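Participant: everything below, folded, please.
(4 chains)
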Number of protein chains: 2
Amino acid sequence: MSKLRIGQVAQAAGVNIETIRFYERCGLLADPGRSESGYRAYPPETVGRVRFIKRAQQLGFTLREIGGLLALRIDETATCEQVRAQAEAKLAEIDAKIADLRRIRAALAALAAACVNDGPTSECPLLDAMEREFE
Amino acid sequence: MSKLRIGQVAQAAGVNIETIRFYERCGLLADPGRSESGYRAYPPETVGRVRFIKRAQQLGFTLREIGGLLALRIDETATCEQVRAQAEAKLAEIDAKIADLRRIRAALAALAAACVNDGPTSECPLLDAMEREFE
DNA sequence: CTTGACTCTGTACTAAACTGCAGGGTTTAT
DNA sequence: ATAAACCCTGCAGTTTAGTACAGAGTCAAG
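Facilitator: Have a look, this model is predicted:
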């Protein structure tokens, strides 16, 4: 019910005010409507959406891709069939990312576990192995 | 043994030649040494390293962070103790990313599975649920 | 022995994603 | 009723991560 002003949204989501306006310009956030005095008046869910955008970004999705994800639930003209196709393409992408992260994770875990002596790093050849993973 | 020239490295790693030189300027790739005529002469492992950088980037690490990862195995003065501490910090970060990806994955999978009718997207409330996950 | 494909340095340009004003109006606490 | 703390638009500046020349040298094939 009670709408939020832009500063409240920004603080709650942990971003700069300008970032909120920037996302609106990019189409990632819909026009929130205005109060009588012309201030943007946001529904509380906006905070969750901004946080979602930030998280997805930290996972390597561009704003354009995130826009694609969000559009899945906005486009009234898309059929579920189209949405499912898009969602499945994204799923494959996400699975690849998870697999890559696990490889890096395994290499780092091995590194951390194997470095028990007090010698210099050059005696820890595990990151070399990690790099070879990607050849 | 047989060294590679910059164009061969770029092609093998699937990046632009300028990107290789850019990574060298940023300290992500060491000075490879030169042939008699002044051409950069790379050891073959360079290809793996460039691919590693690209993959890590697609997972949301900045070049600065990737430099930190790579430095783990280069800094001769660091003790294994320090390396382990850094590696473990990175591990936590990677685990958080994997967890986030899995949440997005689950939401998308549910979306794809549930959209079996031919109605419009607005009847698929699953991405709303995904957003609420991040509140 | 020249043509085409490659490399060099240096500088400048681009795109994405913000971030920060300037110059104005609004709201709220004292 | 006035200062502090908000908000508005519009536009310019910044950072990150490349990309693209220009002008010059190198090398291999025909």
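Participant: burial check on the closest residue to A:Ile6 other than its chain neighbours, number of neighbours?
Facilitator: Sequence neighbours aside, A:Arg40 is the residue nearest to A:Ile6 in space, at 5.0 Å (criterion: Cβ to Cβ, 6 or more residues apart in numbering or on different chains). The way it works is simple: take the backbone N, C-alpha and C, and place the C-beta from them, glycine included. A:Arg40 has 20 neighbouring residues, counting by other Cβ atoms under 10 Å in any protein chain shown.
Participant: please report how far A:Arg40 lies from A:Arg21.
Facilitator: With distances taken as Cβ to Cβ, to the nearest Å, A:Arg40 is found 8 Å from A:Arg21.
Participant: quick one: common contacting residues for those two?
Facilitator: With contacts defined as Cβ atoms under 8 Å, 6 or more residues apart in numbering or on different chains, the residues shared by A:Arg40 and A:Arg21 are A:Ile6.
Participant: what sits against the residue nearest to A:Ile6?
Facilitator: Contacts were defined as Cβ under 8 Å, 6+ apart; by that measure A:Arg40 touches A:Arg5, A:Ile6, A:Glu24, A:Pro32, A:Gly33, A:Arg34.
Participant: show the contacting residues for the fourth one.
Facilitator: Taking Cβ under 8 Å, 6+ apart, we find A:Pro32 in contact with A:Lys3, A:Glu24, A:Arg40, A:Ala41, A:Tyr42, A:Pro43, A:Thr46.
Participant: just the pLDDT at the third one, thanks.
Facilitator: In this case it means A:Arg40. Confidence at A:Arg40, expressed as pLDDT, is 98.
Participant: what's the ChimeraX syntax to select whichever of the contacts of A:Arg40 are buried?
Facilitator: Written as a ChimeraX command, the selection of buried residues from the contacts of A:Arg40, which uses 16 or more other Cβ atoms under 10 Å in any protein chain shown, is:
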select /A:6,32
